[in-house]
Structure formats: structure tokens, C-alpha cells
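Enquirer: What shape does this take:
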Amino acid sequence: MFFHLPRYLLQLRKLFAPLGNRMDNLEQYLAPLLAYFDGEPWPQGIAIMGVTFLFASLLSWFIFRTLKFLTSKTKSFLDDRLLAIARPPIYYSLLMTGFSAGVNRMPLSDKLTDYLIFGFKTLGVIIWMIALVRVSKIILQQLAWGGNRNNIRLIQPQTLPLFDNVSKLLIVAVAVYIIFQIWGIDMTAWLASAGIVGIAVGFAAKDTLANLFSGVFILADTPYKIGDYIVLDGNQRGKVTHIGLRSTRLITRDDVEVTVPNSIMGNSKVTNQSGGPHPKFRIRVQVGVAYGTDIDQVNDILMKVAEDEPLVPKSPEPRVRFRAFGASSLDFELLCWIENPELRGRTLHKLNSAVYKRFNEENIEIPYSKQDLYIKELPKT
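Expert: Residues are numbered from 1 along each chain as shown. Predicted coordinates:
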């Protein structure tokens, strides 16, 4: 496919080229007017330009007025925006046809005539390039923000800047290629030089390119998004505040910003605590009671503590599990959910405090390690 790219670009160039072989048809329609100025090339050229200007203005006004009336009947604003963008390049394409025919009629030197026509073509390419950039941006925004947000899509709000920049780069590259072809500039040497420079830059900026490609894959795959709480391999935990092409930034619980290169993020195990079907996060309160304690009473107290805590939602319901017979305690675990991982520390603090107070009120012993010291004999004096 890439080997045939120049051929495809040449085909695209034809879309922007003035209708050279159709100028004869235009001049046939204007034959009576040209006959009136027979033998006077300057008035003939100016007449062709003037008639083309009037024709293009009236035709574009009528067509786009009709289309605007039709699009106003729809509920979507997408067709209105696309219609507004399409009018300038189409209007200019009509003008370019007549102006090129008028310049050909004028008694100018061949070199100046070529320069003027090449200038018309170049201006047309630039106008179409700007229009296509705007159209691509609107379409990408529609793909990213429109439709059902639960669907998995490659183009998402967080990947929109990436695809927007790539589309702009491709459109501008094609436009530059067409302009070079219009002016007869051989791009073989330019492409060869660009390839050599690209190889040199690739070796010199190996780490930067690794971060760049990792950033592209992160934006496309979206293992995490801005606002998620993630845990890295080294137990570094924080809230994602920025995902760039080079690095990812986190804010830790100590309000310290950590910048991690994307190459490391792409090759590390990342735990997204905000991922899954909902942003809720489960916490575990582990507590041990002395042997002989009424386990039903412990279960009721732990459930009551969880139900009375405002930071613990009602759904999913909290639960208590009797985990193990410990060396010196019966080990229980209170499992409950919080709305987002950011509340983990605050909720654990309140639950631990409430459990300790209730156990004290109910005279439930929380065993702890004890060491007894026996003196075998006192030193002799």
C-alpha cells in the first residue's frame, strides 16, 4: 500500500487541479460574449472572470440556501456545520475555473500565465486543506462524544487530541505534496533526505520515541483515564491528573505530583482501583477477638458499625466474615464499599474508631501479644 502512495496522491491532486480540459466547454458557453470583444484579449479575459464571479456567486447562493433550508429541518447540528464549511472551497473552485480561463485569454507571457494559474491552484489547495481539517475535527468530535458512551470505541474523549493531530498532519502532508507537484518540484530528494533524517532522529531520540509510542498505546487502549486512582508496581498510589504523549502524572495522597514516563507505565503492572463496572472500592477492616467471645454478637456489632457509617453506601451491602482461628484470637473481617478509592483512608479511620469504642462498651476483648518475664533467681549480693 505504501509503495503506491505517490500514485494515490497524484489522484488526489486531480481533485484540486483546475478544470483545464473543461475550459473549452466554458468558453463555448461564453462564445457570444467573447465574439462581442473579438480581437480584444484583455476585455475577453476580464469578461470571463466577471461572468464566472456572478455565476459562482448566484449558483452557490442558490444551492447552499436550499441545502440550509433542508438541514434546518433536522435535529442534528452536524449537517449545518459541515454545510458552512463546504461553501468556501466549492465557491472558490468555481471561481478558479473561470479565473484560469480568463488568464489564459489575456496577452500575458507564458511564464506569468503559468505562475498565476499555479497560484490559483495553490490557493485552492490551501482552502480545501483548511476545510478538510475542520471537517475531520468535527467528525472526530462526533465519533468521540456522540452515541452510547458505554460502547468501547477507539476514538474516545481522552484519545480525541491524538487522532485530531494525526488527521491534521496527514491532511497537511497531502496538501504540501500536491502543492509541490503543482509547481513541478521533484520530491524524490526531499523524501530521501527526510528518510535519512528520520533514521538519525530515531536513534538519537530512542527513549523519547519509546515514551511517545507508549503514550499512543495508552491513549488508544485506555487502561486508565484522568481521575482514576492507580497503583504501580512499587505500591506508588495516586490520582491520574494528566495523560500526555510523553508521561503520565499522578497526585499522591501527600499532594505530591509524580511524573512517570509512559514507557515505564506501558511495561509495568498497573492496578486501576477506579476501574471495573463502577468506581466503588471495597475496603477490609480486620479485627480479632479473644477466644470465648460470642461470635454472633461480634457479627452484629460489626454490621451495625458499617450500617451507621455515612461513608459506607447501602448498596452493595456490607458483610462480615469469620476468617480464621488465630494463634490467640478469632479473626474477623468487615467488608464494605466506598463510593471511590479516595475515601479509603478516611473511612477506615472512622470504622476502626467505631469498632474499638463498641467493643469497649460491650466488654469484648481484643487480644494482643503479651510477654511474661520470670526471674529464675536474684543476683547474689
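
Enquirer: so Val174 sits in a helix?
Expert: Yes - counting by DSSP: H, G, I helix; E, B strand; the rest coil, Val174 falls inside a helix.

Enquirer: Counting neighbours, which bits of the strand or helix carrying Val125 end up buried?
Expert: Per DSSP states H and E: Val125 is located in helix 110-145. Neighbour counts using 16 or more other C-beta atoms under 10 Å place 113, 116-117, 120-122, 124-125, 127-133, 135-137, 140-141, 144 of helix 110-145 among the buried residues. Glycine gets a C-beta too; all of them are placed from N, C-alpha and C.

Enquirer: Let me see the domain layout of this protein.
Expert: Using automatic domain parsing, the domain parsing of the chain gives 2-199, 225-272, 281-361.

Enquirer: how about the helices in the stretch 101-250 of the chain?
Expert: Applying DSSP state H, counting those that start in this stretch to the stretch 101-250 of the chain gives helices spanning 110-145, 160-182, 188-204, 206-221.

Enquirer: Format those helices as CSV; extra columns: distance to Lys380.
Expert: Output for those, formatted as CSV (distance: least, C-beta to C-beta, whole Å):
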stretch, distance to Lys380
helix 110-145, 88
helix 160-182, 84
helix 188-204, 81
helix 206-221, 73
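
Enquirer: mind showing which ranges of the stretch 151-300 of the chain have poor pLDDT?
Expert: 151-156, 158-159, 201-205 (pLDDT under 70).

Enquirer: And stretch 276-284, end to end?
Expert: Across stretch 276-284, the terminal residues are separated by 18 Å (C-alpha to C-alpha, to the nearest Å).

Enquirer: What are the contacting residues of it?
Expert: Stretch 276-284 has contacts (C-beta atoms under 8 Å, 6 or more residues apart in numbering) with 229, 273-274, 313, 316, 333-341, 343-344, 347-348, 351.

Enquirer: circling back to that earlier point, closest one to Leu219 among the domains of the chain?
Expert: domain 2-199 (4.5 Å; C-beta to C-beta).

Enquirer: avg pLDDT for the helix holding Val125?
Expert: In this model, helix 110-145 has a mean pLDDT of 88.

Enquirer: That helix packs against which elements?
Expert: If contacts are counted by 3 or more C-beta pairs under 8 Å, 6 or more residues apart in numbering; DSSP states H and E, helix 110-145 sits against helix 5-16, helix 78-105, helix 160-182.

Enquirer: Give me the distance from it to the chain's centre.
Expert: Using C-alpha atoms, centre = their mean, to the nearest Å, the distance from the centre of helix 110-145 to the centre of the chain it belongs to is 25 Å.

Enquirer: Make 54 the first number, not 1, from now on.
Expert: In the new count, where the first residue is 54, that last one comes out as helix 163-198.

Enquirer: For the helix or strand hosting Glu360, buried residues please.
Expert: Secondary structure from DSSP H and E places Glu360 in helix 348-361. For helix 348-361, a neighbour-count test (16+ other C-beta under 10 Å) marks Val351, Asn352, Ile354, Leu355, Met356, Val358, Ala359 as buried.

Enquirer: Now render these as CSV, adding distance to Ile238.
Expert: Below are these laid out as CSV (distance: C-beta to C-beta, whole Å):
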residue, distance to Ile238
Val351, 84
Asn352, 83
Ile354, 84
Leu355, 79
Met356, 79
Val358, 78
Ala359, 75
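
Enquirer: out of these, who's nearest Ser246?
Expert: Nearest to Ser246 among these is Ala359, at 69.0 Å by C-beta to C-beta.
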